[in-house]
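J.: Return a 3D structure for these sequence lines:
(3 chains)
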Amino acid sequence: MMEIPLSWYLSLSGVLFSIGVMGVLFRSNLIVILMSVELMLNAVNLTLVAFSQYLGDVSGQILVIFVMSVAAAEAAIGLALVIAIFRNKLTVDINNINLFKH
Amino acid sequence: MFAETLFLGASLIAIVASVGMLVSRSPVRSALWLILTLIVIAGLYLTLQADFIAVIQVLVYAGAIMVLFLFVIMLLNLGEMPDLERVDFKKGVGFVLGVAVLTLLTYIGTTAALDFPASSSDPATTGTATAIAKSLFTQYALPFEMIGILLLLATIGAVMLAKRTFE
Amino acid sequence: MNLQLLVVLIVGLPLVGALVNGLIPLFYAPARQWKTLIGAVGSLVVMVPFALALYLFSQGTGGLPDVAALYTWMAVGDFSVSVAYRVDELSLIMTLIVTGVGGLIHVYATGYMADDRSFWKFFAYLNLFIFMMLNLVLANNLLLLFLGWEGVGLCSWLLIGFWYDKRKNSAAASKAFIVNRVGDFAFLLAMFIVVRDVGSLDFDAVLAGTAGMSAEAVTMVVLLLFIGATGKSAQIPLFIWLPDAMAGPTPVSALIHAATMVTSGLYLLARMSPMVLMAPDIMVLIAIIGAVTALVAATIALTRSDIKQVLAYSTVSQLGFMFMAAGVGAFFVAIFHVLTHAFFKACLFLGSGSVIHGMHHVEHELRHRGYDGAFDSQDMRLMGGLREFMPVTRWTYLLSTLAIAGIPLTAGFFSKDEILFKAFEYGYDGQLYAWLAWAIGLGTALLTAFYMTRSYMLTFEGSGRWPMPDQVHPHESPRSMTLPLIVLAGLAMVGGFIGLPKVAEKLGFSNWIHGYLAGHAGHAGPVAEPELHAHVPVGLEIALILAGSLIAIGGVVWAWRFYGRYELGGDELVQGRFGRLYRWWKVGYGFNELYDRTVVRPVISSAEKLFAPFDQRIVDGLVNAVARVMQAFGWLFARLQTGVVQNYALAIVLGVVLVMLLLVF
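T.: Take a look at the predicted model:
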């Protein structure tokens, strides 16, 4: 039935998540950072779906739908913020945005 | 055998595409790489027989959200940015931490999940729209409504944020 | 009505009043001007409890104390203390005094304080005082009593220093508080011994457990309680705070420093009377201290020209009489004198307040006419002849003076005579020290009549001695002030008939208060009495009463004629007669000087020499060191706050890695 072991999916998810983390840590472009976050969310979704299918429990996939909704909301708000900051500072480079300091 | 090959191939594409997103200097390219990753993940959902989620993945992520990203990138007319050129202490720490996360997650993924009891139900029925809808509109009706409100608020918030000019 | 509810209302209403009068104007400034409302609330929350206490009184207690236990205050191991109120004859009498006299003084204060800008605060404090005092007298255990004891001390401090913008007043307040600490400390020690030996602080348990205590322990506890009482009730050696406490507004002097708070020491001794009787050595001390205090304070009062100072020393002296009664085992008489003293001394204080009110008016008029010399509205040397201008005040003051002097058939006559008789009786029974106390008391009674009449004569008779007496004169106080005066003077006249002398039993009357407090056939009261073996013959008793009356009348008449003829010159004549002794009285026997030399100055100078460097170097140094450490850490952590989001993200990931490591391994 399920020919591929669950651990394969989990490992792949781990790899994608780590790439997302590195994206957040390395890149200085705000938009790319947001995209990295999306990638991390997707990695988690993959885990959830895999578990859901292997355990035969639909709740995992419901959760994925919620995660997607939140991701959509997050993307909308995040990008709106990016636009607002860009208007103000004319940059999306995170190294030039240190509003926390002031 | 076929399934394993398919999985490995898809995984390879996903990893390559996401690394591509990570290293591209132009944000547009990053976004395109990410779209590829998302589509491949949708394919992986199919191998898991989670048809509905696979479709939603393409529609919502690859469709709606990524279009939004591209739209913003083009709206702001961002050029290429010097990325990953300076290697400093911070990036070094970030790399070490990223590798640590990778190692740990892989370790957990390969060791922890092995002794689950096998499910009795057919995975093909679990992942259908019928099954998900039944659960979503009965057991999870309240969270579903809340998510609706959240999206509404996000919409309003996004409009307000983008409209406002900072003096 | 059930007892629990009644007690909660009696005790709780003044607290509600204090909160309403205190908090609403505090947060809503315009309410500070609603003086009519504040005065009405303040007075009602005392009068309603008085009415309720009267109801309880009319119901009778049926011989057994009723205990209203509200809740358990604290429970530690085997030891537990409840917030419980005890209604018996003793606490009821005290409650009636506190709320009755208190209510009248509240009404008086609405007039006296009408022009004060902190009117609301005054009533809040006054109500809080009544609440604390009710806790003191109604408590069913020593700890709750102590709570009230400290509470009235706090209110006393607040009210003495009520006009805190004068340094003298706040110093007086602090003096009262600090001197009281000495007594309070002794009280605490007494409670520790009781807890150690009996394991409970409930009155019933303590008094029952006394039998099981060693004689030394009982003596120690009674001694410590007595030291506590000397603080609160202003006896030698701790009486020095009371004259200074006159810095407070006059209603405060009347309520706290004459009628109620200062009598709480007597209440304590009466409440613990079965225990006190088991410590005969301490009773000797109590009687002698009481008698000596009475004499000392009376002689000082003779030399004072400030009208409130005279009354203050007179209060100390009268309290000495009460302790004398307690020292000869006549606790019910002590409470009886507390009662009558509350009437006439409150009346005298309020009368003096009325006079001061009038003299303030004089001062105001004088200033208006350009007079710019010194003027003290409390100085009797500037008074005189007030009888024409303040008739009500004059008559009530006169009646109260007669009462405190002990003119026959007034309230003071019955109670004072009973004290002297009890002292004599105890001496007759073989306790010779009581005769010493009796002799001192007799002399003090003469002095009392003399100095009180002096204060009346100097204030109201003769002619006005203030500047421009033919153009400026005081006027009678408003009705809210004279009405309480009239009521109190009336009580000072008739209040003594509840405690008829023993000889009246031959005529078929009985001593009501004796039966009420100390019990009569078939029922024991809350106040214990020593067993007497010998009885004073009736003839001797009548002779004693006659002697007492003659002394009182003689003292009044003597002073009346003396000061009537010489007015102020009388003081000089007295001074000339007594010479050095008079100077000794004038400086209050040097008690203040003594404490200043032995306690205050050594403490201050050692503080300056020893502790000021210590304070600056070590205490301040420590505080500064802590601040510097904080500063260093702040500087360090400020480095971490780069404001760059990615650094924060880095920290988050680090945390994630650590948590995962924890989970995995």
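
J.: okay, and for the stretch 401-550 of chain C, where does confidence drop off?
T.: Filtered on pLDDT under 70, the stretch 401-550 of chain C yields the residue ranges C:520-524.

J.: show me where it has strands.
T.: C:519-520, C:523-524 (DSSP state E, counting those that start in this stretch).

J.: for chain C, same thing?
T.: Applying DSSP state E to chain C gives strands spanning C:66-76, C:79-87, C:519-520, C:523-524.

J.: so what's the residue sitting nearest the centre point of chain B up against?
T.: Nearest residue to the geometric centre of chain B (Cα atoms, centre = their mean): B:Leu38, 5.9 Å. B:Leu38 makes contacts with A:Asn42, B:Gln57, B:Val58, B:Tyr61, B:Ala62, B:Met66, as judged by Cβ atoms under 8 Å, 6 or more residues apart in numbering or on different chains. Any C-beta I mention is one placed from the backbone N, CA and C, and that applies to glycine too.

J.: Hmm, which of those is lowest in pLDDT?
T.: In terms of pLDDT, B:Ala62 ranks lowest among the contacts of B:Leu38, with 83.

J.: Okay, it and B:Val40: tell me how far apart.
T.: Noted for B:Ala62: a distance of 10 Å to B:Val40, by Cβ to Cβ, to the nearest Å.

J.: And for A:Ser69?
T.: In terms of Cβ to Cβ, A:Ser69 sits 22 Å off from B:Val40.

J.: likewise C:Ala234?
T.: 95 Å.

J.: got it, and C:Leu238?
T.: C:Leu238 is 93 Å from B:Val40, by Cβ to Cβ.

J.: and stretch A:70-78 with chain C, contact?
T.: No: applying Cβ under 8 Å from any Cβ of the partner chain, one finds stretch A:70-78 separated from chain C by no less than 12.1 Å.

J.: ok, and for that stretch, which residues are buried?
T.: Buried residues in stretch A:70-78, defined by neighbour count with 16 or more other Cβ atoms under 10 Å in any protein chain shown: A:Ala71, A:Ala72, A:Ala73, A:Glu74, A:Ala75, A:Ala76, A:Ile77, A:Gly78.

J.: Mind checking which of those are in strands?
T.: If you go by DSSP E, these have nothing in strands.

J.: So, low pLDDT: which residues of chain B?
T.: Along chain B, segments meeting pLDDT under 70 span B:79-87, B:112-121, B:164-167.

J.: try 50
T.: B:167 (pLDDT under 50).

J.: How about the residues of it by chain C?
T.: Residues of chain B lying near chain C (Cβ under 8 Å from any Cβ): B:Lys90, B:Val93, B:Gly94, B:Leu97, B:Gly98, B:Ala100, B:Val101, B:Leu104, B:Leu105, B:Tyr107, B:Ile108.

J.: The top helix by length along chain A and chain B, any residue contact?
T.: Counting residues, the longest helix in chain A under DSSP state H turns out to be helix A:59-89. Yes: using Cβ under 8 Å from any Cβ, helix A:59-89 reaches chain B at A:59, A:61-62, A:64-66, A:68-77, A:79-84, A:86-88.

J.: could you say what helices and strands that helix packs with?
T.: helix A:30-55, helix B:51-56, helix B:66-76, helix B:129-137, helix B:141-163 (3 or more Cβ pairs under 8 Å, 6 or more residues apart in numbering or on different chains; DSSP states H and E).

J.: ok, C:Phe129 to chain A distance?
T.: 55 Å (Cβ to the nearest Cβ, to the nearest Å).

J.: now do C:Ile193
T.: From C:Ile193 over to chain A the distance is 63 Å, taken as Cβ to the nearest Cβ.

J.: Thanks a lot, see you next time.
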